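>>> Curious how this folds, go ahead:
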Amino acid sequence: MFRLLGLLLTVLYAIAAAVVVWPQFFRLEQTFPVAQLVASRGALLIAFAVVGVLSLLLMIARPLRGFAASLLVVSIIAGAAVGVIGGLRGLSAGSLPEKAEDSVRVMTWNTRGEAASADTIARTAVEQKADIVTLPETADGVGERIAVLMRESGRPMWVHNVNIRPDVQNGPQAWQTTVLISPALGDYSVIQSSTDGSSNTKSVPSVVAMPVDGHGPTVVAVHAVAPRQDAMDEWRTDLQWIADQCPKGDFILAGDFNATIDHMARLGVDGGDMGRCQDVATRTGTGMWGTWPSSIPALLSAPIDHIMASANWTPTGSLVIDDAAGSDHRALVAQLDPAS
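Got it, this is the predicted structure:
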């Protein structure tokens, strides 16, 4: 009887391990609570290691030896799989190559309102030579202060903003998303459907800015709702909307997706991760360096902030900035070069 119970528990543990290691196979990557569990693969690896250690301790008791050995084997295999996936996606904070004349630097930072000051954001953007800066949870006025500070440092920027509730004075900055774009990229305008919310993420807004003359990338400053248990349907809808923003053409998506690459498994087209856009971090070695929450080590954090680009661009480097300056998100910077 005990042997059958041990076998049953081992089988259940193996199934659970398989689900959280590769939920895409079971089509559960956007299902509660699997979506939450898979968000931090570093935490998963620690969990498998803990079970493995406990299994070793249980092996001291002779009657439990077979059961414990089975748990240990499953933990080793599952932990190794998580490690391999992490290694393929990238386990470093990254670096950026020398910026070429036609390179475009993109920075995204969910600033949690003004938890990170305008001065800090502007200084970081200038230091990183950013041409595009997407700032979820940043008010229009804060974006304008950042632009003024950047202009004074020799990097002028145009400011674009979407406020999901412009009728509310001094509402939460989570209701706004701001994007700064260098004049060197040309004149941009926010599309009307983005502004009036007829085509946008729902609870928190995104910004779709298109080049006025039709030349250059369409820039999408992304902010999806968090996958809380009571918001899972809305979260899935937001992710599909974001994927739809990268059809054929020239596109750059950057912001707080509130999702990892695992959650996007069924949202890519023709080799893309979201629509036809490819994630820069996983292709430049920083895919596992988490951006949220900034209060815990990066390899235990969830990489939910992304910069993505269409096939018009070749990602040549990315960097996660560890100092969050008061925000609960780390900033992510990427360099894109025109595809040859």
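
>>> Just confirm Pro205 is within a strand.
No. Pro205 is assigned coil when assessed by DSSP: H, G, I helix; E, B strand; the rest coil, not a strand.

>>> That one is in contact with Gln173, isn't it?
No. Contact criterion C-beta atoms under 8 Å: Pro205 and Gln173 do not qualify, at 11.2 Å. In short, each C-beta sits where N, CA and C put it, glycine included.

>>> What would the helix or strand that contains Leu332 look like as PDB? C-alpha coordinates only.
Leu332 belongs to strand 331-338 when elements are defined using DSSP states H and E. Coordinates of each C-alpha in strand 331-338 appear next as PDB, following Å, rounded to 0.1, in the frame of the first residue of the first chain:
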ATOM      1  CA  ALA A 331      15.300  49.400 -16.700                       C
ATOM      2  CA  LEU A 332      16.100  47.500 -19.900                       C
ATOM      3  CA  VAL A 333      18.200  49.000 -22.700                       C
ATOM      4  CA  ALA A 334      18.700  47.400 -26.200                       C
ATOM      5  CA  GLN A 335      20.600  48.300 -29.300                       C
ATOM      6  CA  LEU A 336      19.100  47.700 -32.700                       C
ATOM      7  CA  ASP A 337      21.000  47.900 -36.000                       C
ATOM      8  CA  PRO A 338      19.300  47.900 -39.400                       C
END
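
>>> Which parts of the chain belong to which domain?
2-89, 94-338 (automatic domain parsing).

>>> Show me where the protein has its strands.
Counting by DSSP state E, the chain has strands at residues 94-95, 104-108, 132-136, 158-163, 176-181, 188-190, 207-211, 218-223, 251-256, 278-279, 305-309, 313-321, 331-338.

>>> how close does Arg266 get to Gln30?
Arg266 is 8 Å from Gln30, where distance means C-beta to C-beta, to the nearest Å.

>>> the more surrounded of these two?
The residue with more neighbours, out of Arg266 and Gln30, is Gln30; 23 against 12, by other C-beta atoms under 10 Å.

>>> Would you list the phi and psi of that one?
Backbone torsions of Gln30, given as degrees, to the nearest 10, read phi -120, psi 20.

>>> wait, isn't it in contact with Thr237?
No. When contacts are counted by C-beta under 8 Å, Gln30 is not listed as touching Thr237 (10.7 Å).

>>> buried set for the lengthiest helix in the chain?
Counting by DSSP state H, the longest helix found in the chain is helix 65-89. Of all the residues in helix 65-89, those buried under the rule 16 or more other C-beta atoms under 10 Å are 67-68, 70-72, 74-75, 78-79, 81-82, 85-86, 89.

>>> same thing with stretch 217-225?
Applying 16+ other C-beta under 10 Å to stretch 217-225 flags 217-225 as buried.

>>> Extract the C-alpha set from that stretch and format it as PDB.
The C-alpha trace of stretch 217-225 is given here as PDB (Å, rounded to 0.1, in the frame of the first residue of the first chain):
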ATOM      1  CA  PRO A 217       9.600  52.200 -37.200                       C
ATOM      2  CA  THR A 218       6.200  52.300 -35.600                       C
ATOM      3  CA  VAL A 219       6.900  52.500 -31.900                       C
ATOM      4  CA  VAL A 220       4.600  50.800 -29.400                       C
ATOM      5  CA  ALA A 221       5.100  51.700 -25.700                       C
ATOM      6  CA  VAL A 222       3.600  48.600 -24.000                       C
ATOM      7  CA  HIS A 223       1.800  48.300 -20.700                       C
ATOM      8  CA  ALA A 224      -0.300  45.100 -20.100                       C
ATOM      9  CA  VAL A 225      -2.400  44.500 -17.000                       C
END
